[in-house]
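> this one's sequence-less:
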Ligand code: AMP
(Lines give C-alpha, C1' and ligand atoms only; values in the text may rest on other atoms or scores of the structure.)
Protein backbone atom coordinates (compact mmCIF):
# COMPACT_ATOMS: atom_id res chain seq x y z
CA UNK A 1 0.00 0.00 0.00
CA UNK A 2 1.58 3.30 -1.02
CA UNK A 3 1.56 6.06 1.56
CA UNK A 4 -1.78 7.73 1.66
CA UNK A 5 -2.93 10.79 3.51
CA UNK A 6 -6.32 10.88 5.19
CA UNK A 7 -7.85 14.29 5.83
CA UNK A 8 -10.13 14.55 8.84
CA UNK A 9 -12.58 17.39 9.38
CA UNK A 10 -12.60 17.95 13.12
CA UNK A 11 -9.48 17.34 15.17
CA UNK A 12 -10.84 16.08 18.49
CA UNK A 13 -10.38 12.77 20.27
CA UNK A 14 -12.08 10.77 17.52
CA UNK A 15 -9.57 12.09 14.97
CA UNK A 16 -6.80 11.41 17.47
CA UNK A 17 -7.87 7.76 17.84
CA UNK A 18 -8.10 7.41 14.04
CA UNK A 19 -4.50 8.64 13.80
CA UNK A 20 -3.44 6.09 16.41
CA UNK A 21 -5.21 3.31 14.48
CA UNK A 22 -3.79 4.37 11.12
CA UNK A 23 -0.16 4.73 12.12
CA UNK A 24 0.63 0.97 11.98
CA UNK A 25 -0.81 0.89 8.45
CA UNK A 26 1.64 3.60 7.38
CA UNK A 27 -1.07 6.22 6.91
CA UNK A 28 -0.47 9.94 7.16
CA UNK A 29 -3.08 12.38 8.40
CA UNK A 30 -4.03 16.03 8.08
CA UNK A 31 -6.59 17.44 10.48
CA UNK A 32 -8.81 20.50 9.99
CA UNK A 33 -10.38 22.25 12.96
CA UNK A 34 -11.33 25.81 13.96
CA UNK A 35 -9.72 25.28 17.40
CA UNK A 36 -5.93 25.66 17.58
CA UNK A 37 -5.80 23.38 20.64
CA UNK A 38 -7.82 20.50 19.08
CA UNK A 39 -6.27 17.47 20.79
CA UNK A 40 -5.68 15.48 17.58
CA UNK A 41 -3.18 18.19 16.67
CA UNK A 42 -0.78 16.70 19.21
CA UNK A 43 -0.39 13.68 16.90
CA UNK A 44 -0.86 14.97 13.33
CA UNK A 45 -0.58 18.22 11.35
CA UNK A 46 -3.55 20.47 12.08
CA UNK A 47 -4.90 23.16 9.80
CA UNK A 48 -6.67 25.77 11.92
CA UNK A 49 -9.48 27.45 9.98
CA UNK A 50 -13.24 27.88 10.00
CA UNK A 51 -15.20 25.06 8.34
CA UNK A 52 -16.66 27.68 5.98
CA UNK A 53 -13.22 28.92 4.82
CA UNK A 54 -13.18 27.71 1.19
CA UNK A 55 -9.59 28.77 0.49
CA UNK A 56 -8.44 26.72 3.47
CA UNK A 57 -10.67 23.78 2.44
CA UNK A 58 -9.26 23.84 -1.12
CA UNK A 59 -5.67 23.81 0.18
CA UNK A 60 -6.56 20.98 2.56
CA UNK A 61 -8.18 18.95 -0.26
CA UNK A 62 -5.01 19.34 -2.34
CA UNK A 63 -2.88 17.76 0.41
CA UNK A 64 -5.00 14.66 1.13
CA UNK A 65 -6.17 11.55 -0.77
CA UNK A 66 -9.51 11.16 0.98
CA UNK A 67 -11.56 13.17 3.48
CA UNK A 68 -13.59 11.93 6.43
CA UNK A 69 -15.07 13.41 9.62
CA UNK A 70 -14.58 13.34 13.36
CA UNK A 71 -17.40 15.87 13.72
CA UNK A 72 -20.77 15.68 11.96
CA UNK A 73 -21.80 19.32 12.20
CA UNK A 74 -19.54 20.47 9.41
CA UNK A 75 -21.67 22.64 7.06
CA UNK A 76 -23.13 20.45 4.28
CA UNK A 77 -21.91 23.09 1.78
CA UNK A 78 -18.29 22.57 2.96
CA UNK A 79 -18.57 18.79 2.65
CA UNK A 80 -19.93 19.25 -0.87
CA UNK A 81 -17.14 21.71 -1.74
CA UNK A 82 -14.55 19.11 -0.70
CA UNK A 83 -16.38 16.30 -2.52
CA UNK A 84 -15.92 18.22 -5.78
CA UNK A 85 -12.14 17.96 -5.25
CA UNK A 86 -11.41 14.69 -3.42
CA UNK A 87 -13.34 11.56 -2.37
CA UNK A 88 -15.35 12.25 0.81
CA UNK A 89 -16.70 9.42 3.01
CA UNK A 90 -19.35 9.21 4.27
CA UNK A 91 -20.93 11.00 1.31
CA UNK A 92 -22.20 14.55 1.98
CA UNK A 93 -25.85 13.51 1.44
CA UNK A 94 -25.62 10.90 4.22
CA UNK A 95 -23.98 13.49 6.44
CA UNK A 96 -26.76 15.99 5.71
CA UNK A 97 -29.47 13.48 6.68
CA UNK A 98 -27.74 12.58 9.94
CA UNK A 99 -27.16 16.25 10.83
CA UNK A 100 -30.86 16.98 11.00
CA UNK A 101 -32.97 15.08 13.52
CA UNK A 102 -36.08 15.68 11.41
CA UNK A 103 -34.71 14.24 8.15
CA UNK A 104 -33.08 11.39 10.07
CA UNK A 105 -36.32 10.42 11.79
CA UNK A 106 -38.31 10.84 8.59
CA UNK A 107 -35.90 8.37 6.96
CA UNK A 108 -36.20 5.90 9.88
CA UNK A 109 -39.95 6.02 9.40
CA UNK A 110 -39.70 5.48 5.64
CA UNK A 111 -37.45 2.46 6.23
CA UNK A 112 -39.82 0.89 8.77
CA UNK A 113 -37.44 1.45 11.68
CA UNK A 114 -39.67 1.97 14.74
CA UNK A 115 -39.22 5.22 16.67
CA UNK A 116 -41.06 7.46 19.15
CA UNK A 117 -43.55 10.03 17.77
CA UNK A 118 -41.90 13.22 16.51
CA UNK A 119 -42.94 16.50 14.93
CA UNK A 120 -41.32 19.57 13.41
CA UNK A 121 -42.02 22.57 15.66
CA UNK A 122 -42.19 26.03 14.13
CA UNK A 123 -43.95 28.05 16.84
CA UNK A 124 -45.12 27.98 20.45
CA UNK A 125 -48.63 27.07 19.23
CA UNK A 126 -47.22 24.08 17.35
CA UNK A 127 -45.46 23.03 20.52
CA UNK A 128 -48.62 23.27 22.63
CA UNK A 129 -50.64 21.32 20.02
CA UNK A 130 -48.08 18.52 19.72
CA UNK A 131 -47.59 18.24 23.49
CA UNK A 132 -51.36 17.72 23.74
CA UNK A 133 -51.17 15.06 20.99
CA UNK A 134 -48.09 13.13 22.26
CA UNK A 135 -48.86 13.48 25.97
CA UNK A 136 -46.35 14.21 28.72
CA UNK A 137 -43.51 13.83 29.29
CA UNK A 138 -41.88 14.72 26.00
CA UNK A 139 -38.64 16.32 24.80
CA UNK A 140 -38.07 19.42 22.73
CA UNK A 141 -34.73 19.31 20.88
CA UNK A 142 -32.88 21.44 18.39
CA UNK A 143 -32.95 19.74 14.98
CA UNK A 144 -29.29 20.54 14.36
CA UNK A 145 -26.11 21.06 16.36
CA UNK A 146 -27.29 19.23 19.47
CA UNK A 147 -24.96 16.73 21.12
CA UNK A 148 -24.44 15.13 24.52
CA UNK A 149 -27.89 16.19 25.69
CA UNK A 150 -27.29 19.86 24.79
CA UNK A 151 -30.10 21.75 23.06
CA UNK A 152 -32.79 19.65 24.77
CA UNK A 153 -35.61 20.48 27.13
CA UNK A 154 -37.74 17.88 28.91
CA UNK A 155 -41.36 18.85 29.42
CA UNK A 156 -42.98 17.20 32.40
CA UNK A 157 -46.14 19.29 32.75
CA UNK A 158 -48.13 21.74 30.63
CA UNK A 159 -46.59 24.55 32.65
CA UNK A 160 -43.24 23.59 31.06
CA UNK A 161 -44.40 24.66 27.60
CA UNK A 162 -43.52 28.30 28.29
CA UNK A 163 -40.20 27.39 29.89
CA UNK A 164 -39.27 25.11 26.97
CA UNK A 165 -40.14 27.83 24.48
CA UNK A 166 -38.17 30.41 26.50
CA UNK A 167 -35.15 28.06 26.50
CA UNK A 168 -35.18 26.95 22.87
CA UNK A 169 -37.76 29.03 20.95
CA UNK A 170 -35.19 31.46 19.64
CA UNK A 171 -33.40 28.54 17.94
CA UNK A 172 -36.34 27.97 15.61
CA UNK A 173 -34.71 29.88 12.73
CA UNK A 174 -31.09 28.82 13.24
CA UNK A 175 -31.34 25.12 14.09
CA UNK A 176 -35.02 24.22 13.78
CA UNK A 177 -36.84 22.37 16.57
CA UNK A 178 -38.33 18.90 16.93
CA UNK A 179 -40.61 17.49 19.61
CA UNK A 180 -40.26 13.80 20.53
CA UNK A 181 -42.38 11.56 22.69
CA UNK A 182 -40.49 10.51 25.82
CA UNK A 183 -39.51 6.84 25.94
CA UNK A 184 -39.54 5.32 29.42
CA UNK A 185 -36.79 2.93 28.35
CA UNK A 186 -35.41 -0.01 30.34
CA UNK A 187 -32.06 0.43 28.66
CA UNK A 188 -30.24 2.11 25.82
CA UNK A 189 -28.17 0.27 23.25
CA UNK A 190 -26.23 1.16 20.15
CA UNK A 191 -25.16 -0.65 17.04
CA UNK A 192 -21.75 0.43 15.79
CA UNK A 193 -21.31 -0.81 12.23
CA UNK A 194 -19.18 -0.29 9.16
CA UNK A 195 -19.93 -0.43 5.45
CA UNK A 196 -17.25 -0.63 2.78
CA UNK A 197 -17.12 0.89 -0.69
CA UNK A 198 -18.36 -2.34 -2.31
CA UNK A 199 -21.27 -2.60 0.13
CA UNK A 200 -19.64 -5.06 2.56
CA UNK A 201 -21.36 -4.62 5.94
CA UNK A 202 -20.15 -5.60 9.40
CA UNK A 203 -21.47 -4.74 12.84
CA UNK A 204 -19.80 -5.05 16.21
CA UNK A 205 -21.79 -6.76 18.95
CA UNK A 206 -24.64 -4.53 20.19
CA UNK A 207 -23.45 -2.32 23.06
CA UNK A 208 -25.39 -1.32 26.20
CA UNK A 209 -25.02 2.34 27.20
CA UNK A 210 -25.71 4.41 30.31
CA UNK A 211 -25.95 8.21 30.17
CA UNK A 212 -25.75 10.79 32.93
CA UNK A 213 -27.26 14.20 32.12
CA UNK A 214 -27.43 13.19 28.44
CA UNK A 215 -23.71 12.34 28.30
CA UNK A 216 -22.45 8.77 27.84
CA UNK A 217 -21.04 7.49 31.13
CA UNK A 218 -20.43 3.76 30.54
CA UNK A 219 -20.77 1.19 27.76
CA UNK A 220 -20.82 -2.60 28.05
CA UNK A 221 -20.46 -5.07 25.21
CA UNK A 222 -22.06 -7.33 24.35
CA UNK A 223 -25.40 -5.91 25.51
CA UNK A 224 -27.81 -8.40 27.08
CA UNK A 225 -30.67 -8.41 24.62
CA UNK A 226 -33.11 -11.13 23.52
CA UNK A 227 -31.92 -12.68 20.25
CA UNK A 228 -34.79 -11.24 18.20
CA UNK A 229 -34.05 -7.66 19.35
CA UNK A 230 -30.36 -8.15 18.83
CA UNK A 231 -30.89 -9.22 15.24
CA UNK A 232 -33.47 -6.47 14.63
CA UNK A 233 -31.08 -3.76 15.87
CA UNK A 234 -28.35 -4.91 13.50
CA UNK A 235 -30.87 -5.26 10.67
CA UNK A 236 -31.99 -1.63 11.13
CA UNK A 237 -28.38 -0.44 10.97
CA UNK A 238 -27.83 -2.39 7.78
CA UNK A 239 -31.00 -1.08 6.12
CA UNK A 240 -30.01 2.47 6.99
CA UNK A 241 -26.45 2.12 5.70
CA UNK A 242 -27.66 0.63 2.43
CA UNK A 243 -30.25 3.35 1.85
CA UNK A 244 -27.66 6.09 2.49
CA UNK A 245 -24.98 4.31 0.42
CA UNK A 246 -22.94 4.87 3.54
CA UNK A 247 -19.18 4.24 3.60
CA UNK A 248 -17.37 4.13 6.95
CA UNK A 249 -18.35 3.57 10.57
CA UNK A 250 -21.56 4.89 12.07
CA UNK A 251 -23.65 4.31 15.18
CA UNK A 252 -27.38 3.77 15.55
CA UNK A 253 -28.66 4.53 19.06
CA UNK A 254 -31.81 2.74 20.21
CA UNK A 255 -34.07 2.62 23.25
CA UNK A 256 -35.35 -0.75 24.55
CA UNK A 257 -38.67 -0.84 26.39
CA UNK A 258 -39.83 -4.35 27.19
CA UNK A 259 -39.44 -6.17 23.92
CA UNK A 260 -39.86 -2.99 21.86
CA UNK A 261 -36.89 -1.31 20.19
CA UNK A 262 -37.18 2.36 19.19
CA UNK A 263 -34.53 4.28 17.26
CA UNK A 264 -33.19 7.49 18.75
CA UNK A 265 -30.50 8.78 16.42
CA UNK A 266 -27.70 7.96 14.05
CA UNK A 267 -24.16 9.34 14.36
CA UNK A 268 -22.37 9.45 10.98
CA UNK A 269 -18.91 8.75 12.39
CA UNK A 270 -16.95 6.60 14.79
CA UNK A 271 -18.78 6.72 18.11
CA UNK A 272 -18.06 6.95 21.81
CA UNK A 273 -20.02 3.72 22.43
CA UNK A 274 -17.54 1.95 20.14
CA UNK A 275 -14.36 2.95 21.99
CA UNK A 276 -14.25 -0.47 23.66
CA UNK A 277 -13.50 -2.00 20.24
CA UNK A 278 -9.89 -0.76 20.48
CA UNK A 279 -9.01 -3.49 22.96
CA UNK A 280 -12.20 -5.56 22.94
CA UNK A 281 -12.52 -6.54 19.30
CA UNK A 282 -10.47 -8.14 16.57
CA UNK A 283 -10.58 -4.86 14.59
CA UNK A 284 -11.35 -1.51 16.19
CA UNK A 285 -13.97 0.91 14.88
CA UNK A 286 -11.15 3.36 14.08
CA UNK A 287 -9.17 0.89 11.98
CA UNK A 288 -12.26 -0.33 10.13
CA UNK A 289 -13.37 3.23 9.44
CA UNK A 290 -10.00 3.92 7.80
CA UNK A 291 -10.14 0.66 5.86
CA UNK A 292 -13.61 1.57 4.59
CA UNK A 293 -12.76 5.12 3.48
CA UNK A 294 -9.60 3.85 1.77
CA UNK A 295 -11.42 1.05 -0.06
CA UNK A 296 -9.52 -1.71 1.78
CA UNK A 297 -11.04 -5.03 2.95
CA UNK A 298 -12.79 -4.69 6.31
CA UNK A 299 -11.46 -6.45 9.41
CA UNK A 300 -13.39 -8.90 11.56
CA UNK A 301 -15.66 -7.24 14.12
CA UNK A 302 -15.92 -10.21 16.50
CA UNK A 303 -15.30 -9.33 20.10
CA UNK A 304 -12.78 -10.73 22.53
CA UNK A 305 -14.79 -11.64 25.64
CA UNK A 306 -16.64 -8.83 27.46
CA UNK A 307 -15.60 -5.19 27.51
CA UNK A 308 -16.67 -2.18 29.53
CA UNK A 309 -15.74 1.41 28.73
CA UNK A 310 -15.90 4.17 31.35
CA UNK A 311 -15.90 7.79 30.16
CA UNK A 312 -13.92 10.43 32.03
CA UNK A 313 -15.87 13.69 31.96
CA UNK A 314 -14.51 17.05 33.14
CA UNK A 315 -11.12 15.92 34.45
CA UNK A 316 -8.97 12.78 34.34
CA UNK A 317 -9.06 10.61 37.49
CA UNK A 318 -5.96 8.89 38.82
CA UNK A 319 -4.84 6.18 36.38
CA UNK A 320 -3.42 3.71 38.88
CA UNK A 321 -6.74 2.06 39.79
CA UNK A 322 -7.39 1.08 36.18
CA UNK A 323 -3.81 0.20 35.33
CA UNK A 324 -3.64 -2.10 38.37
CA UNK A 325 -6.19 -4.33 36.65
CA UNK A 326 -4.69 -6.87 34.26
CA UNK A 327 -7.22 -5.98 31.59
CA UNK A 328 -7.32 -2.22 32.23
CA UNK A 329 -6.50 0.22 29.40
CA UNK A 330 -6.11 3.95 29.86
CA UNK A 331 -6.87 6.68 27.31
CA UNK A 332 -6.05 10.32 28.00
CA UNK A 333 -6.99 12.62 25.11
CA UNK A 334 -4.54 15.35 26.16
CA UNK A 335 -7.34 17.90 26.68
CA UNK A 336 -7.60 20.68 29.23
CA UNK A 337 -10.07 19.86 32.01
CA UNK A 338 -13.46 21.57 31.65
CA UNK A 339 -16.90 20.85 33.08
CA UNK A 340 -18.85 18.40 30.94
CA UNK A 341 -15.96 17.80 28.54
CA UNK A 342 -14.96 14.28 27.50
CA UNK A 343 -11.26 14.14 28.44
CA UNK A 344 -10.52 10.41 28.33
CA UNK A 345 -11.81 6.91 28.93
CA UNK A 346 -10.79 3.51 30.24
CA UNK A 347 -11.64 0.07 28.91
CA UNK A 348 -11.58 -3.14 30.93
CA UNK A 349 -11.86 -6.42 29.08
CA UNK A 350 -12.08 -10.03 30.17
CA UNK A 351 -13.08 -13.37 28.71
CA UNK A 352 -15.15 -14.01 31.80
CA UNK A 353 -18.10 -11.78 32.77
CA UNK A 354 -17.76 -12.36 36.52
CA UNK A 355 -14.03 -11.48 36.48
CA UNK A 356 -14.77 -8.29 34.57
CA UNK A 357 -17.46 -7.36 37.13
CA UNK A 358 -14.96 -7.82 39.97
CA UNK A 359 -12.35 -5.68 38.19
CA UNK A 360 -14.93 -2.95 37.58
CA UNK A 361 -15.95 -2.94 41.23
CA UNK A 362 -12.31 -2.57 42.25
CA UNK A 363 -11.92 0.40 39.89
CA UNK A 364 -15.20 1.96 41.06
CA UNK A 365 -14.06 1.67 44.69
CA UNK A 366 -10.59 3.02 44.07
CA UNK A 367 -11.78 6.02 42.03
CA UNK A 368 -14.83 6.68 44.19
CA UNK A 369 -17.04 5.97 41.20
CA UNK A 370 -19.13 3.07 42.41
CA UNK A 371 -22.19 4.65 40.76
CA UNK A 372 -20.53 4.80 37.35
CA UNK A 373 -19.58 1.11 37.29
CA UNK A 374 -22.74 -0.19 39.03
CA UNK A 375 -25.04 -0.66 35.99
CA UNK A 376 -22.40 -2.63 34.10
CA UNK A 377 -21.55 -4.73 37.17
CA UNK A 378 -25.23 -5.53 37.72
CA UNK A 379 -25.68 -6.48 34.06
CA UNK A 380 -22.58 -8.71 34.04
CA UNK A 381 -23.81 -10.52 37.16
CA UNK A 382 -27.44 -10.69 36.02
P1 LIG B 1 -29.64 12.46 22.11
O2 LIG B 1 -28.76 13.67 22.03
O3 LIG B 1 -30.87 12.55 21.30
O4 LIG B 1 -28.88 11.18 21.89
O5 LIG B 1 -30.12 12.40 23.64
C6 LIG B 1 -29.21 12.18 24.72
C7 LIG B 1 -29.84 11.26 25.76
O8 LIG B 1 -31.05 11.84 26.27
C9 LIG B 1 -30.26 9.91 25.21
O10 LIG B 1 -29.19 9.00 25.14
C11 LIG B 1 -31.31 9.51 26.24
O12 LIG B 1 -30.71 9.06 27.44
C13 LIG B 1 -32.03 10.82 26.49
N14 LIG B 1 -33.14 10.96 25.52
C15 LIG B 1 -33.10 11.59 24.32
N16 LIG B 1 -34.27 11.50 23.66
C17 LIG B 1 -35.11 10.80 24.46
C18 LIG B 1 -36.48 10.36 24.35
N19 LIG B 1 -37.23 10.66 23.27
N20 LIG B 1 -36.98 9.63 25.38
C21 LIG B 1 -36.24 9.36 26.48
N22 LIG B 1 -34.96 9.75 26.65
C23 LIG B 1 -34.38 10.46 25.66
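That came through, no problem. Keep in mind that what you see is a predicted model, and the values were worked out from it rather than measured.
> End to end on stretch 70-90, go ahead and measure it.
11 Å (C-alpha to C-alpha, to the nearest Å).
> gap between that stretch and the chain center?
18 Å (C-alpha atoms, centre = their mean, to the nearest Å).
> right, is that stretch up against the ligand?
No - using C-beta under 6 Å from any ligand atom, we find that stretch 70-90 stays clear of the ligand, coming within 11.9 Å at best. The way it works is simple: take the backbone N, C-alpha and C, and place the C-beta from them, glycine included.
> buried residues in that stretch?
Across stretch 70-90, burial judged by 16 or more other C-beta atoms under 10 Å covers 70-74, 78-79, 81-83, 86-90.
> where do the helices sit along the chain?
In the chain, the helices defined using DSSP state H lie at 13-22, 54-63, 76-83, 92-99, 101-110, 124-134, 160-168, 227-243, 277-280, 285-293, 320-323, 353-366, 370-381.
> which residues are contacting the longest one?
For helix 227-243, the external contacting residues (C-beta atoms under 8 Å, 6 or more residues apart in numbering) are 107-108, 111-113, 189, 191, 193, 195, 199, 201, 203, 206, 223, 225, 246, 250, 252, 254, 256, 259, 261, 263, 266.
> relative orientation of that helix and helix 92-99 in degrees?
Angle of helix 227-243 versus helix 92-99, following axes from the mean of the first three to the mean of the last three C-alpha atoms, to 10 degrees, is 130 degrees.
> And residue 53, how close does it get to the ligand?
Residue 53 sits 28 Å away from the ligand, going by C-beta to the nearest ligand atom, to the nearest Å.
> how about the residues of this protein near the ligand?
Residues of the chain that fall close to the ligand, judged by C-beta under 6 Å from any ligand atom: 116, 139, 146, 149, 180, 182-183, 188, 211, 214, 253, 264-265.
> again, only using 8 Å
Contacts of the chain with the ligand, taken as C-beta under 8 Å from any ligand atom, map to 101, 116, 138-139, 141, 146-150, 152, 180-185, 188, 209, 211, 214-216, 253, 255, 264-265.
> before we move on, the earlier item: check the helices of the chain for me and report the most buried one.
Of all the helices of the chain, helix 285-293 carries the top mean neighbour count, a mean of 26, counting by mean count of other C-beta atoms under 10 Å.
> got the contact list for it?
6, 17-18, 20-22, 25, 27, 66, 68, 87, 89, 192, 194-197, 202, 204, 247-249, 269-271, 274-275, 277-278, 283, 296-299, 301.
> Right, I'll leave it there.
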